[in-house]
Every structure is written in structure tokens, then in C-alpha cells.
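Asks: dropping the sequence and predicted coords here.
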Amino acid sequence: MQKYVKDLTVAEVEFPHSRYVLLKLTDVEPLPEMLPGQFVEVKVEGSPKTFLRRPISINYVDRAKNQLWLLIQTVGEGTHKLAELKVGDKLNLVFPLGNGFSPMQKAGERVLLVGGGVGVAPLLNYGKELKEAGAEPVFLLGARSKADLLEQDLFKAIAPVYVTTEDGSEGEKGFVTQHSLLTKETFDRISVCGPKPMMVSVARYAKSKGIPCEVSLENMMACGLGACLCCVEKTVKGNVCVCKEGPVFPIEELTWEL
């Protein structure tokens, strides 16, 4: 897939949470093809301590508005600088990067999409693509508390949403692997993105049930092109760059202890 280096224009800025900013970017030309699960590398201007680009998952692609959405957690100087962008500002991206989630395998297949924290971001676009293709996505989303849940209305507009929170303030109390959904319903495939301990737990569950599962790794990806070797992951095929060979991998290719 062709890669682009473009200055996109900030069309809208939203703050869905005190620690997150949602940037909706557009261009004068139609945005290129992007696969669910791919990411962008963002150039941060005006941040002396931010030498490298920042990898950000593609949250959503709104073709009707010609917009690319980036849901960004503000954790350091670079991401806080991105949260200062205003409508009309330019943001330089290298995109689309990496390999995304698997497309629909068969019409009507039930795909469980599991996300935790900011790991829910790429699942929104993936769920939309699956539903439009004729699959039946189901979302299982985890967070620390009700206040930490992101984009719930958008997820619910696509498919059924089930929630766990660690404090029990929304949905079922506990972790995603403890949700009663996993004992009541069956799924053809599972796709996961979030903190590694959560992904390992879901992968272990999927393996125990014989359900195909893929995970989106969140290794630090400085260049996005496989040149800097920051994001190397050990796999059964040897060491690979997550930014180039991933970020999505079938669990059987990883060396996790499941």
C-alpha cells in the first residue's frame, strides 16, 4: 500500500476526556485508502524535547466528510502539544503505516472486538468496516471507571457494546476476561488492542476455546518504516519490526506464554 507524507488540516478538535484529545483532520484531496488497525506517524512542531514522530492509531475514517480521526492520550510534552492544535492548523503525517486487522472471513461471522484504555481507538473503524462488509461485530471494552470510557455513543451506533470497569461504576465490575459475555455467547474470531496484560489474558482465553485471535501491539514505533529498530518483537519467525510486520499479529506468531 502506498505511503504518503502530507500536511493535513485540523477540521475539528474535541476533548472527550480530560486526558484525551480527538483531532479530526482533512485534506483538499480525497484521503487515501486506509485499513482498520493501521496507524500514522505525527510530526510534533514546537516541542523541543520531542525529536521523533509519534505513532497514533487511526481511530476512524469518515469518508462523507473526508476526515481522518486521531484519538490521542495526552501523556507527555509531545502529545500535550498536539492537544493545543486549533481548527485550521496543519499537522504533518506519514500514513497509512503497518498492517491492519483481518478483513471479514465469511458473511455473518461474529467478531468480538476487545479494547482497553486508549486501545479502543482502532476498534471503532474496524467495527464499522466489519459491519459494512456483512459481519456481526460485538464490542467488549474495559476501563478503570465510567469516566475513563471513550466514544461509547459511537461504538453503540455500530454494534452491541459490553463494558467492564475496575471499580464497577459502569457495566460489570472487573476485567474484560471476567465479563459474563464470554460464558454466554460464542464468536468466530477475536481481535484485541490495549495494555499487554489485558491482551495476553484475552489471548489465553481465545486459545483455551480454540478461537482464532489477533492482537494489535503497542510497541514504541519511532519511524514507522522498520528502520530504527525501536519496536522489535520476538516471534516464532524471529525478531520483527512491529511497525512494518504488524502492529496486528495472530497470537500463534507471538512467543507469549499462553
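Replies: Thanks, I have it.
Asks: what is the neighbour count of Glu233?
Replies: Residues near Glu233, counting by other CB atoms under 10 Å, number 17. The way it works is simple: take the backbone N, C-alpha and C, and place the C-beta from them, glycine included.
Asks: secondary structure element for it?
Replies: Using DSSP states H and E, Glu233 maps to strand 232-235.
Asks: how far is that strand from where the chain is centred?
Replies: A distance of 19 Å separates the C-alpha centroid of strand 232-235 from that of its chain, computed with CA atoms, centre = their mean, to the nearest Å.
Asks: ok, now stretch 41-60?
Replies: Here stretch 41-60 is found 16 Å from its chain centre; the criterion is CA atoms, centre = their mean.
Asks: for that stretch, output the C-alpha coordinates as PDB.
Replies: The C-alpha trace of stretch 41-60 is given here as PDB (Å, rounded to 0.1, in the frame of the first residue of the first chain):
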ATOM      1  CA  GLU A  41       3.400   8.900  12.400                       C
ATOM      2  CA  VAL A  42       2.800  12.500  13.600                       C
ATOM      3  CA  LYS A  43       5.300  15.300  13.400                       C
ATOM      4  CA  VAL A  44       5.100  17.400  16.600                       C
ATOM      5  CA  GLU A  45       6.000  21.000  16.000                       C
ATOM      6  CA  GLY A  46       7.100  23.500  18.700                       C
ATOM      7  CA  SER A  47       8.200  20.800  21.200                       C
ATOM      8  CA  PRO A  48      12.000  20.900  21.700                       C
ATOM      9  CA  LYS A  49      12.000  17.600  23.600                       C
ATOM     10  CA  THR A  50      10.100  15.700  21.000                       C
ATOM     11  CA  PHE A  51      12.700  14.600  18.500                       C
ATOM     12  CA  LEU A  52      10.800  11.700  16.900                       C
ATOM     13  CA  ARG A  53       7.400  11.400  15.300                       C
ATOM     14  CA  ARG A  54       4.600  10.000  17.500                       C
ATOM     15  CA  PRO A  55       2.700   6.800  16.400                       C
ATOM     16  CA  ILE A  56      -1.100   7.200  16.600                       C
ATOM     17  CA  SER A  57      -3.700   4.600  15.700                       C
ATOM     18  CA  ILE A  58      -6.300   5.600  13.100                       C
ATOM     19  CA  ASN A  59      -9.400   6.000  15.100                       C
ATOM     20  CA  TYR A  60     -11.900   6.400  12.300                       C
END
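Asks: could you shift the numbering so residue one becomes 23, and keep it that way?
Replies: In the new numbering, first residue 23, that becomes stretch 63-82.
Asks: quick check: buried residues in that stretch?
Replies: 63-66, 69, 72, 74-82 (16 or more other CB atoms under 10 Å).
Asks: repeat for stretch 102-111
Replies: Residues of stretch 102-111 classed as buried by neighbour count (16+ other CB under 10 Å): 103-105, 107, 111.
Asks: can you check stretch 88-106 too?
Replies: Within stretch 88-106, the residues that count as buried by 16+ other CB under 10 Å are 89-96, 100-101, 103-105.
Asks: Cys263 versus Met243, what's the distance?
Replies: Distance, Met243 to Cys263, using CB to CB, to the nearest Å: 8 Å.
Asks: burial count for the nearest residue to Glu274 once chain neighbours are set aside?
Replies: Counting by CB to CB, 6 or more residues apart in numbering, Glu274 lies nearest to Val258, which is 7.4 Å off, once chain neighbours are set aside. Val258: 8 surrounding residues under other CB under 10 Å.
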